[in-house]
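Asks: Just need the structure, nothing else, for what follows:
(2 chains)
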Amino acid sequence: NAGVTQTPKFQVLKTGQSMTLQCAQDMNHEYMSWYRQDPGMGLRLIHYSVGAGITDQGEVPNGYNVSRSTTEDFPLRLLSAAPSQTSVYFCASSYSGQGYKQYFGPGTRLTVT
Amino acid sequence: EDQVTQSPEALRLQEGESSSLNCSYTVSGLRGLFWYRQDPGKGPEFLFTLYSAGEEKEKERLKATLTKKESFLHITAPKPEDSATYLCAVTDKLIFGTGTRLQVFP
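Replies: Got it, this is the predicted structure:
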């Protein structure tokens, strides 16, 4: 199993540009989440999904969209990038049968100039 | 308001010098508390889940304990390879603490 994969690993955007961060898992997990990690702020939940077709907002959802058309994929879209969205983004998946322990991807480091 | 607070923010230990990391939480209806380890430039890696007060879990030099208000991660005789940031989180709410950055020197 590849586990949780994220692409790209690094990205630089200009203010106002849009892009999609990709996340995929091959463990058939029903739960998937997106976090951002900033120095001194810890991991903060952006959006999450409890299954295909079902998504909900986390703590910091503004400026981001998600959709979940399949169990495997959970892309995160930045609609109009802002410097405040400079961060490291992590995708995670989990399974109720394993007590919801999360498996994290390697992260995407995004810089918005 | 649900909150998870970790202390200390950073901890420097000599190899073999045991210590504890603290995670205190205020959440309504705790359904599980997680500990993760995060190495620089990588995603967090699962260590333990604790569900009820009094529960303990162990893995190598690490032992996690849980009370009604806090959890401790005890590190016994740490080695340099234990250097990492340790994160705790509460389930359901998916709230993480800001972590403790541990450095172990030979």
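Asks: Can you give me the neighbour number for residue B:106?
Replies: By other C-beta atoms under 10 Å in any protein chain shown, 7 other residues sit near residue B:106. The way it works is simple: take the backbone N, C-alpha and C, and place the C-beta from them, glycine included.
Asks: again, but for residue A:99
Replies: Neighbour tally, residue A:99, other C-beta under 10 Å: 14.
Asks: Test my guess that residue B:33 contacts residue B:96.
Replies: No. At 11.0 Å, residue B:33 does not count as touching residue B:96 under the criterion of C-beta atoms under 8 Å.
Asks: Next, show the common contact partners of these two.
Replies: Common contact partners of residue B:33 and residue B:96 (C-beta atoms under 8 Å, 6 or more residues apart in numbering or on different chains): B:88, B:89.
Asks: how many neighbours does residue A:75 have?
Replies: By other C-beta under 10 Å, neighbour count at residue A:75 equals 16.
Asks: same check, this time on residue B:99
Replies: For residue B:99, the neighbour count with other C-beta under 10 Å is 24.
Asks: got a list of what it touches?
Replies: So residue B:99 contacts A:42, B:6, B:9, B:38, B:85, B:86, B:87 (C-beta under 8 Å, 6+ apart).
Asks: PyMOL command for the buried members of those?
Replies: The PyMOL command for the buried members of those (criterion: 16 or more other C-beta atoms under 10 Å in any protein chain shown) is given here:
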select buried, (chain A and resi 42) or (chain B and resi 6+38+85+86+87)
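Asks: For the contacts of residue B:99, name the two members farthest from one another.
Replies: Using C-beta to C-beta, those reach their maximum pairwise distance at B:9 and B:38, which is 14.3 Å.
Asks: need the residues of chain B near chain A, please.
Replies: With C-beta under 8 Å from any C-beta of the partner chain as the criterion, chain B comes near chain A at residues B:32, B:34, B:36, B:41-46, B:49, B:51, B:87, B:89, B:91, B:94-99.
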